[in-house]
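Enquirer: give me coordinates for this.
(chains A, B and C)
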Amino acid sequence: MPKKDIGLGVVSIGFGTWIILYTAAEIKKKSQFWPTVIGWGIVILGALILAMGIFNLIKEKKASAGKTAAKKTDAKEDMRKYLKVAAVVGLLVVFYFVFQYVSYVLATVILIVGTSVLLGYRNWKILIPVAVVMSVVLYLVFWKVFNVHFPAPFY
Amino acid sequence: MKKTLRSVIALALAFMLTFVMGTAMAAFPEKEVTIVVPFKAGGNVDLCCRIIADEMTRILGKQVVVEDREGGGAIIGQTYALGQPADGYTMLALTSSFVTNILSGDTDFGIEDAAAIGQFCFDPEIVVASADSGITNMDEFMAAAKAESLTNSTPGFSTSHHIASLIMTEQFGLTPFSYMHTDGSADQVVQLAGGHAQVGLTTYGGAATLIQEGKIIPLAVCNSERHQALPDVPTMAECGYDFVYGAYRGFAVPAGTPEDVIGILSDALKQAMESEAVIKAFNDSGFPIMYMNAADYQAFLATDYANMEAIYYLLDEE
Amino acid sequence: MLQNILAGFAALFTWENILFLVFGTLVGLIIGALPGLTGNMAIALMVPITYTMSATTGLVFLTAIYCSSIFGGSISAILLGIPGTISSFATTLDGYPMAKQGKAGQALGISTISSVFGGLFSAIVLMFLTTVLAEFALKFGPAEYFAVAVLGLSCIASIGGKSIIKGLLSGFIGLFFAVIGQDPQRGTKRFVFDIHLLSGVTLVAALIGIFGVISVLKSAEKKSKETGPIPEVDHVWIGWKMCKKLLPTWLRGSVIGTIIGIIPGAGTNVATFLAYDTENKFNRSKPKFGEGNPKGVAAPEAANNGVTGGSMVPLLALGVPGNATSALFLGALLLKGLTTGPVLFTEHADVAYSLFLAFFFANIVMAPLGLFLLRYMKKILSIPESLLGGIILAFCMTGVFSISSSSFDVLTCIFFGLLGYAFYKFDIPTAPLIVCLVLGSMAESNLQQALVANKGSYSFLWTHPVALIVLLISLVSFFVPIITKMVKTYRKTRHPEVVAASDLAEDTSDEMDDD
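Expert: Sure, this is the predicted structure:
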């Protein structure tokens, strides 16, 4: 926990500093006040989180002196977790491009099937029809009823 | 592999389709025509377009639909519409924001990228004052506005009301207003009626009730003739000030659209604006009809662009 | 008055009107429940259809859609944890935890009855107090708007979860995203990296990203067999006992909703935040807010339907729409050749009063229809989470695209999904981010306007009594939870055993019985 907070503190300070610097460099003077205040707010809060993280880390170190970290084995499991999350995000990005330039239905089928498989669903006899029917229905409903024009053709 | 194949087929089909359509252009329109409104659904421009689309459907014999693509200060919708094939099937609802957006330097398109179809509405600015301000006529307005900086409520930065105020300041040597840019015309008139701002420029529709209630006082109409809903309110010229400005609305298509297609659409718009249904709906909604054909509208846009270019630095100074 | 009401009744009760009342309610419920689709969009689509109807029928139809779509938003908020619109965001905070505890039916039932209560309350206010309250709407200048925005922002202190600092950090990041776009007063571009950002971050896209996309990312984290048993879904009807318990919450929520609804432009969002926060502050019962307290569902739902009637007050009395939806009503009225304002009451009293009554009956119809539909809708929960994930994503992406046919919004949604995931990993609450994103520019813009009106002096902060009072309440609302938390942590570190005992006492005495 404290290690995470230290990381968060550093990231926040960096982000806030970027806001302040960007504001000073790119935004006209008359509109600088509000973004600068926000930037400083984020820097200060980041510093507080960082300080508390370091404080807690020292406390924890003292308390658990002698004990060795036993959670090393989780690293592999963590990796799998993050890979899956990254894969879902990847599917969304694929959707973003395919639905614009190729086909809405194809994009949606890929998204539904891909996500479900990643989440551990394996019943193909249900999955495929659901994905196909779902995407066709969504297309037709949004197009015909809600008058939404999708950028790519139907098929 | 399959994906590439698919896109190749799609491409080929699209190509064939445009080819087929190109040859059949004589019988325009072959399919539905879309009016792109670069603003929120339910706004004034959207409302006008929906009324006209209904009538144009009847005239053209093909569905005319309205599509709202708001965002980016109307730039998104404008860019989208002007980026469509120049075949007349996509029209842009063109307002004064088209010109100001180009001048802001944020657009990829220029004034030459739009070919006018026609104008259907000109909503003159009305100079108004809050009942609490103590200003009751144009002379008092001018005197007060020269003496000190009045608070001026607008529906947003760089809206036509804001720009009209800037031009007025420049033209008559007023003390620059203290602008309160609210979020839309509803907000604007409430601020005036509540006495939170002293003066403003607005169009009739949004302020009608509050004017009738006496909470907002109309001082003058920025047009060559009086407003039909406000017969007792003088024009600026009658008050001794030469000033005509208003929000204009019309249609345009991407430049390069065949002349005959522009002609068909322009005639259809003219017919629609002369139809009883549209006249009634526009009157009821408080939108003044003012038709202008394609050539006139194109010339009007060019003039407006030149005028705006001359005063655009005022916006930057703000 | 009575005569007018009777005339309204006569105009309202035709077969055609009743048919459209029911049909409109169904349409609204379904559209409201779909993430990304709002009642606003539905009404914009339906306005042309009303051209062919009589004035009364058209208004009845639109009213039914308006009222039920606001309520419909709570369905996806509770069942899936995805608020379809900003107005149902606060409902998610406790509704979704309730669903996860197997109380989805109860949560849906509460949201139904609360919505009906709030809606009826505001319909009655609309019917009897319109002209009186319209004057109140005009009292709100920039100073007062600024104060209301600050009051809304002050609730981040108490919805920020365990760590105050992280809650504030989340809020400041929200304020940063609210800055993106044009400076409302000066037109300066700020952080506009893409032209699509010129008018700011699309709120609904961000909201759906942070709640919808992230819910799927979270379930991707779990091991495939960890999906667990489907939570038991109990009855939708909540029983009289619960009704009695929630009555004070409903009243407070409805009053807040109706009042905020009347202030033009303040909108539904502030009302739901405030109603939720008020209940949170006064709440003494367990479970805590944010962990599935029924009051956390009841308050915002009563408030957001309270707004419906409230937002019509300035429209009918002043001819000025109170929010985007009532602007559409204005359009529909104008197209029928009807003018708004006091003239409507004198010249078209039958239309005016049938509109009031339509608000009344739309809410009444909503109860049985809602409860009936929900019996089936809650079955969504029996779909395995692993299959539901993909469908949720497809709905979110399509819904977000349809807001304004913009693929950039889809990208925004994905970005906020990732941001939400990062927040989750670092234990940062997302609720303050949403509140600040929604209210940030309202606060900034009105502060600047107030300064302009006041010749650059901050004295308006104490010379405007309404603003002063609201700002003082905001200060209390912001600092009380922070101080309470600090005192508690201090006591815990000093006398752990005493605190544990008192916590235990609290647990047993304040337990809220569930039936």
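Enquirer: quick check, the residue in chain A closest to chain B?
Expert: Nearest residue of chain A to chain B: A:Val102, at 5.6 Å (Cβ to the nearest Cβ). Every residue, glycine included, has its C-beta placed from N, CA and C.
Enquirer: that residue: neighbouring residues, count only.
Expert: As a burial measure, A:Val102 scores 19 neighbours (other Cβ atoms under 10 Å in any protein chain shown).
Enquirer: again, but for C:Gly290
Expert: When neighbours are counted by other Cβ under 10 Å, C:Gly290 comes out with 18.
Enquirer: chain A contacts on the stretch 51-200 of chain C?
Expert: With Cβ under 8 Å from any Cβ of the partner chain as the criterion, the stretch 51-200 of chain C meets chain A at residues C:165-166, C:168-169, C:172-173, C:175-176, C:179, C:183, C:186, C:188-191.
Enquirer: what about 6 Å?
Expert: Within the stretch 51-200 of chain C, the positions near chain A by Cβ under 6 Å from any Cβ of the partner chain are C:165, C:168-169, C:172, C:175-176, C:179, C:183, C:186, C:188, C:190.
Enquirer: remind me, longest helix of chain C?
Expert: When chain C is parsed with DSSP state H, its longest helix is helix C:104-138.
Enquirer: wait, does that one contact chain B?
Expert: Yes: judged by Cβ under 6 Å from any Cβ, helix C:104-138 and chain B are in contact via C:Leu138.
Enquirer: which single residue of the stretch 51-200 of chain B ends up nearest chain C?
Expert: In the stretch 51-200 of chain B, the residue that lies nearest chain C is B:His196 (3.4 Å; Cβ to the nearest Cβ).
Enquirer: quick one: the strands in the stretch 51-200 of chain B, in order.
Expert: Here the stretch 51-200 of chain B has its strands, by DSSP state E, counting those that start in this stretch, at B:64-68, B:90-95, B:114-124, B:126-130, B:151-154, B:178-181, B:199-202.
Enquirer: between strand B:90-95 and the third one, find me the angle.
Expert: For strand B:114-124 and strand B:90-95, the angle between their directions (axes from the mean of the first three to the mean of the last three Cα atoms, to 10 degrees) works out to 40 degrees.
Enquirer: so for strand B:114-124, mean pLDDT?
Expert: Averaged over strand B:114-124, pLDDT sits at 93.
Enquirer: so what secondary structure elements neighbour that strand?
Expert: Strand B:114-124 sits against strand B:246-254, helix B:259-274, strand B:289-292, helix B:294-317, with contacts defined as 3 or more Cβ pairs under 6 Å, 6 or more residues apart in numbering or on different chains; DSSP states H and E.
Enquirer: ok so, going back, next SSE after the longest helix of chain C?
Expert: helix C:142-154 (DSSP states H and E).
Enquirer: contact partners of that next one?
Expert: Residues from elsewhere that reach helix C:142-154, judged by Cβ atoms under 6 Å, 6 or more residues apart in numbering or on different chains: C:266, C:270, C:273, C:439, C:442-443, C:446-447, C:449-450, C:460, C:464, C:466-467, C:470-471, C:474, C:477-478.
Enquirer: ditto for stretch B:140-155
Expert: B:135, B:161-162, B:165, B:174-175, B:177-181, B:184-185, B:188, B:191-192, B:197-200, B:219, C:453.
Enquirer: one more: stretch A:144-155?
Expert: A:100-104, A:142, C:402.
Enquirer: for A:Ile112, what are its contacts?
Expert: Neighbouring residues of A:Ile112 by Cβ under 6 Å, 6+ apart: A:131, C:390, C:394.
Enquirer: without its sequence neighbours, what residue ends up closest to it?
Expert: Leaving aside its chain neighbours, A:Ile112 sits nearest to C:Gly390 (3.6 Å; criterion: Cβ to Cβ, 6 or more residues apart in numbering or on different chains).
Enquirer: from what I can see that neighbour touches A:Gly114, true?
Expert: No: using Cβ atoms under 6 Å as the test, C:Gly390 is too far from A:Gly114 to be in contact (7.1 Å).
Enquirer: pick out whichever of these two has more residues nearby.
Expert: Ranked by neighbour count (other Cβ under 10 Å), C:Gly390 and A:Gly114 place C:Gly390 first, with 29 against 20.
Enquirer: list the contacts for the more buried one?
Expert: A:112, A:115-116.
Enquirer: ok now the one helix or strand it maps to, how far from the chain's centre?
Expert: Counting by DSSP H and E, the element that carries C:Gly390 is helix C:385-404. Here the centre of helix C:385-404 is set off from its chain's centre by 21 Å, with Cα atoms, centre = their mean, to the nearest Å.
Enquirer: is any residue of the helix or strand following it near chain A?
Expert: Next in sequence after helix C:385-404, counting helices and strands by DSSP H and E, comes helix C:407-425. Yes: Helix C:407-425 reaches chain A (Cβ under 6 Å from any Cβ) through C:407, C:410, C:414.
Enquirer: who in chain B is up against chain C?
Expert: With the criterion set to Cβ under 6 Å from any Cβ, chain B comes near chain C through B:41-42, B:47, B:50, B:69-73, B:75, B:151, B:157-158, B:178, B:180-181, B:186-187, B:189-190, B:193-194, B:196, B:208-209, B:281, B:284-285.
Enquirer: on that earlier part again, for the longest helix of chain C, name the packing helices and strands.
Expert: Helix C:104-138 makes packing contacts with helix C:55-79, helix C:240-262, helix C:294-310, helix C:312-318, helix C:349-377 when contacts are defined by 3+ Cβ pairs under 6 Å, 6+ apart.
Enquirer: next, the buried residues of stretch C:44-56.
Expert: C:44-47, C:50, C:53, C:55-56 (16 or more other Cβ atoms under 10 Å in any protein chain shown).
Enquirer: dump the residues you listed into a markdown table; add secondary structure as well.
Expert: Shown next, in a markdown table, are those (DSSP: H, G, I helix; E, B strand; the rest coil):
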| residue | secondary structure |
| --- | --- |
| C:Ala44 | helix |
| C:Leu45 | helix |
| C:Met46 | helix |
| C:Val47 | helix |
| C:Thr50 | helix |
| C:Met53 | coil |
| C:Ala55 | helix |
| C:Thr56 | helix |
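Enquirer: what does stretch A:113-125 contact?
Expert: Outside stretch A:113-125, the residues that reach it (Cβ under 6 Å, 6+ apart) are A:84, A:87-88, A:91, A:127, A:131, C:219-220, C:224, C:386-387, C:389-390, C:393.
Enquirer: looking at the residues of the stretch 51-200 of chain C next to chain A, which is nearest chain B?
Expert: When those are ranked by distance to chain B (Cβ to the nearest Cβ), C:Arg186 comes first, at 6.1 Å.
Enquirer: looks like that closest one contacts A:Lys29 (just checking).
Expert: No: contact criterion Cβ under 6 Å: C:Arg186 and A:Lys29 do not qualify, at 10.3 Å.
Enquirer: among those two, which residue is more densely surrounded?
Expert: Higher neighbour count among C:Arg186 and A:Lys29: C:Arg186, with 16 against 9, using other Cβ under 10 Å.
Enquirer: for the more buried one, give its distance to A:Ile27.
Expert: 10 Å (Cβ to Cβ, to the nearest Å).
Enquirer: just A:Asp78 next, same as before
Expert: Using Cβ to Cβ, A:Asp78 is found at 40 Å from A:Ile27.
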